[in-house]
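Enquirer: Starting from these lines, generate the structure:
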Amino acid sequence: MKVLVIGSGGREHALVWKIHQSPRVSKIYCAPGNAGIQRMAECVELSVTDVEGLLSFAKKEKIDLTVVGPELSLTAGIVDTFEQQGLRIFGPSQDGAILEGSKVYTKEFLKKYNIPSAKFKVFKDREKAKQYIDECGAPLVVKADGLAAGKGVIVASTVQEAKEAVDLIMRDKAFGDAGNFLIVEECLKGEEASFIAFTDGQTILPLPTSQDHKAAFDGDLGPNTGGMGAYSPAPVVTEKIADQVMQEVMLPTIQGMAKEGRPYKGMLYAGLMIDGDKVNVLEFNCRFGDPEAQPLLMRLESDVVDIFDAVIDERLDQVEMKIDPRPTVCVVMASGGYPGSYESGKLIEGLEKVSDMRDVVVFHAGTTVKDGRVVSAGGRVLGVTAIGTDLEKAINLAYKAVGHIAWTGSFFRTDIGAKALRNVHETSMRKEVENKAKHIGN
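Expert: A predicted model of the protein is given here:
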């Protein structure tokens, strides 16, 4: 079969890498792709929002399955357009993708269906938002309503920072029309985690837990980015918490969307804040996370094409998903200045050396080929991903690989997975204390 993957980032490279392993697939196209993807797929110069161009290409090449990577394609209604033409495509409809396309819609949806989330208020007027901030005090979270490439959420530790965030979004239009409305919400405490699942609108098939690192610098400092690294599993999401998320978040969301006349099929990604046994939804995404897709797809042992087909045909209840028990870690290497302005076209050294390493895959994000050499072409450039017998080994292997790669101005966080290691250590210490207490009790 012929498969078309839409997108050009690390998530799409991971999807192409996984689809390439399917014995059912004879040819993969990717629009527009990147330097890493072009080794496994034929890259096509089409924008992810050129829905008519992508449709025309899919019909001309007789594509059997289209897999949508980015949210921009989904909110542009690509799934509806393809389905109307009788083409098989994986992802939610435009009506379903509103869960990511509008934070205002999502907050009101969560409230309506009693799904746990932070208290909030929606504003169209800048001055009224600032008055509300004065009434509430800090810390607060200020969010642009629409899509902002993962950067439209500002955590403000002071009232002044919150007001500046309002101006940035509504006056300066830093995120364009995404800032026509904004949300001011309470700042939740705890640890963030990603809960990502396949769903056909009735059955929910969760992938292993994962955790992203949004802030640009070590210690979760600096501005928010699209994600600087991820690992799976996330120890903060215990089995009990995972069951709770399914019952209190995922199932009510799928059922609620059906009641709203927006049946939901595809990936459902809940960004969570976990504080002890309390779980709150921070946001929904309507596709694989990036960089979470890289460690998750590395752990997936099942044929991902079979799962895509089962979602499209609404028979996900027949799928038994196989997962590698070993943990995985992805470290994102970025261009200096990201998430602000940065320079592209820098020659990337060390990729060949890392390609010889076992249990390591370098997923390309912002790369292209110039004069036969791979150069940087984006903010997030590479996602260096490793699998290990335990989390510490996976982390060490990923950073060993990162140490072989460099380009002028490149940077990365050095603490990806540190929180997970702390959680693992604290859990084992707690169990040790409990066992000792039982022994003394006996």
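Enquirer: Tell me the gap between the helix or strand hosting Val361 and the middle of its chain.
Expert: Val361 belongs to strand 360-364 when elements are defined using DSSP states H and E. In terms of Cα atoms, centre = their mean, to the nearest Å, the centre of strand 360-364 is set 17 Å apart from its chain centre.
Enquirer: Tell me which residues are up against that strand.
Expert: 10, 13-14, 17, 34-37, 294, 298, 330, 351, 354-355, 374, 381-386, 397-398, 401, 405 (Cβ atoms under 8 Å, 6 or more residues apart in numbering). Bear in mind the C-beta positions are built from the backbone N, C-alpha and C, glycine included.
Enquirer: Please apply the same query to stretch 200-208.
Expert: 195-199, 232-233, 242, 246, 250-251, 254, 258, 263-265, 268, 296, 299-300, 307, 310-317, 319, 321, 323.
Enquirer: Now do the phi/psi pair for Met40.
Expert: phi -120, psi -10 (degrees, to the nearest 10).
Enquirer: For the closest residue to it other than its chain neighbours, give me its contacts.
Expert: Leaving aside its sequence neighbours, Met40 sits nearest to His20 (Cβ to Cβ, 6 or more residues apart in numbering; 4.6 Å). By Cβ under 8 Å, 6+ apart, the contact list for His20 reads 28, 40-41.
Enquirer: try Glu71
Expert: Glu71 neighbours (Cβ under 8 Å, 6+ apart): 97, 100-101, 147, 285-287.
Enquirer: Which ones among the residues you listed lie within helices?
Expert: Members of the contacts of Glu71 lying in helices (criterion: DSSP state H): 100-101.
Enquirer: Make CSV out of the contacts of His20 and add pLDDT, distance to Asp220 and neighbour count.
Expert: As requested, these are exported to CSV (pLDDT from 0 to 100; distance: Cβ to Cβ, whole Å; neighbours: other Cβ atoms under 10 Å):
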residue, pLDDT, distance to Asp220, neighbour count
Ile28, 98, 36, 23
Met40, 97, 34, 16
Ala41, 98, 35, 24
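Enquirer: any idea where the helices of the stretch 1-150 of the chain begin and end?
Expert: 10-19, 51-60, 71-75, 78-84, 98-101, 103-112, 126-136 (DSSP state H, counting those that start in this stretch).
Enquirer: no no, the stretch 251-400 of the chain
Expert: In the stretch 251-400 of the chain, the helices defined using DSSP H, counting those that start in this stretch lie at 251-259, 293-299, 304-312, 351-355, 391-402.
Enquirer: Now, of the contacts of stretch 200-208, which are buried?
Expert: If you count burial by 16 or more other Cβ atoms under 10 Å, the buried members of the contacts of stretch 200-208 come out as 195-199, 232-233, 242, 250, 254, 263-265, 268, 296, 299-300, 307, 310-312, 316, 319, 321.
Enquirer: you'd agree Leu99 is up against Lys107?
Expert: No: Leu99 is beyond contact range of Lys107, at 10.7 Å (criterion: Cβ atoms under 8 Å).
Enquirer: more neighbours, these two?
Expert: Leu99 (26 against 22; other Cβ atoms under 10 Å).
Enquirer: what residues are up against the more buried one?
Expert: Leu99 neighbours (Cβ under 8 Å, 6+ apart): 92, 105-106, 109, 253, 257, 264, 268, 284-286.
Enquirer: The closest residue to it other than its chain neighbours and Gly7, how far apart?
Expert: Leaving aside its chain neighbours, Leu99 sits nearest to Phe284 (4.2 Å; criterion: Cβ to Cβ, 6+ apart). Applying Cβ to Cβ, to the nearest Å, the value for Phe284 to Gly7 is 19 Å.
Enquirer: Which of those two has more residues huddled nearby?
Expert: Set Phe284 next to Gly7 and count neighbours by other Cβ under 10 Å: Gly7 wins out with 27 against 23.
Enquirer: Apart from its neighbours in sequence, what residue is nearest that one?
Expert: Excluding the flanking residues, the one nearest Gly7 by Cβ to Cβ, 6+ apart is Gly69, at 2.9 Å.
Enquirer: Go through the helices of the stretch 1-150 of the chain and name the closest to Met228.
Expert: Each of these has some distance to Met228 by Cβ to Cβ; the shortest is helix 10-19, at 11.5 Å.
Enquirer: report the angle between the axes of that closest one and strand 360-364?
Expert: Helix 10-19 and strand 360-364 are oriented at 130 degrees to each other (axes from the mean of the first three to the mean of the last three Cα atoms, to 10 degrees).
Enquirer: Point out the other helices and strands that helix 10-19 packs with.
Expert: Secondary-structure packing of helix 10-19 (3 or more Cβ pairs under 8 Å, 6 or more residues apart in numbering; DSSP states H and E): strand 2-7, strand 27-32, helix 293-299, helix 304-312, strand 360-364, strand 380-387.
Enquirer: Run through who's touching the second one.
Expert: In this case it means strand 27-32. Contacts for strand 27-32 (Cβ under 8 Å, 6+ apart): 2-8, 12, 16, 19-20, 37-38, 40-48, 54, 57, 61, 63.
Enquirer: chain center to the one helix or strand Ala230 maps to: distance?
Expert: For Ala230, the element it lies in under DSSP H and E is strand 229-232. The chain centre lies 10 Å from the centre of strand 229-232; the measure is Cα atoms, centre = their mean.
Enquirer: now stretch 402-417
Expert: Centre-to-centre, stretch 402-417 and its host chain are 20 Å apart (Cα atoms, centre = their mean).
Enquirer: picking that back up, which among the contacts of strand 360-364 count as buried?
Expert: Among the contacts of strand 360-364, those buried by neighbour count (16+ other Cβ under 10 Å) are 10, 13-14, 17, 34-37, 294, 298, 330, 351, 354, 374, 381-386, 397-398, 401, 405.
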